[in-house]
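*Asks:* Sequence unavailable; structure follows:
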């Protein structure tokens, strides 16, 4: 029974992501049910509300982000390359969330918006350890890691919430690449 519920949750998260990609927050639980040929009542047996599904989707997307970061940290590459990659780790799940709808999330699903912000601010320990190593090895100059963390988190949240860059032809991925380039040039030892 538990395996069936977990399987259903996995399927609903996937269809929720797909619907979110297409419809934004306008997707309905009825559309989710129809997509996987189940009744809406069956959805509500595992997710009591659309908000609960959205919360699970956010947690799942960030779990994938943290797993990607771990694989970058554990994998091959130089310390500078790993740092650049881990700071802007961007699996497909993240872009699928299209969180450039943060204002709408704040309005309609404030708990989901709060969870996104919480997730953006957590899971930094491995990255901070790597940054500390880079400073100890003389790759980076001594900087305040809490300030750098807030700068990166705030930039990412702004990129997600604001469509100005997109209107100027700059994608989210391009914005992340440019952000890390600008930051890296400011903190790298020359």
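*Replies:* Received it, and whenever you're ready, just let me know what you need. Given the structure is predicted, the values throughout are model-derived calculations rather than measurements. Numbers count the residues shown, from 1 in each chain.
*Asks:* Name the nearest residue to residue 115, sequence neighbours excluded.
*Replies:* Closest residue to residue 115 apart from its sequence neighbours, by C-beta to C-beta, 6 or more residues apart in numbering: residue 58 at 5.1 Å. Glycine gets a C-beta too; all of them are placed from N, C-alpha and C.
*Asks:* That neighbour: neighbour count?
*Replies:* 23 (other C-beta atoms under 10 Å).
*Asks:* element containing it, please.
*Replies:* Of the helices and strands defined by DSSP states H and E, residue 58 is found in helix 50-74.
*Asks:* now what about that helix, what contacts it?
*Replies:* Applying C-beta atoms under 8 Å, 6 or more residues apart in numbering, the external contacts of helix 50-74 come out as 9, 12-13, 16-17, 20, 28-29, 32, 43, 47, 82, 85-86, 89-91, 93-94, 96-97, 109, 111-112, 115-116, 119, 123, 126-127, 130.
*Asks:* Repeat the analysis, applying 7 Å as the threshold.
*Replies:* Identification of contacts with helix 50-74 by C-beta atoms under 7 Å, 6 or more residues apart in numbering yields 9, 12-13, 16-17, 29, 47, 82, 85-86, 89, 91, 93-94, 97, 109, 111-112, 115-116, 119, 123, 126-127, 130.
*Asks:* Which of those are buried, as a PyMOL select command?
*Replies:* The command below creates a PyMOL selection of those among the contacts of helix 50-74 that count as buried (16 or more other C-beta atoms under 10 Å):
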select buried, resi 12+13+16+17+29+47+82+85+86+89+93+94+97+109+112+115+116+119+127+130
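*Asks:* separation between the residue nearest to residue 127 when sequence neighbours are not counted and residue 29?
*Replies:* Spatial nearest neighbour of residue 127, excluding adjacent residues (C-beta to C-beta, 6+ apart): residue 86 at 5.4 Å. Distance check for residue 86 against residue 29: by C-beta to C-beta, to the nearest Å, it reads 36 Å.
*Asks:* Also residue 128?
*Replies:* From residue 128 over to residue 29 the distance is 39 Å, taken as C-beta to C-beta.
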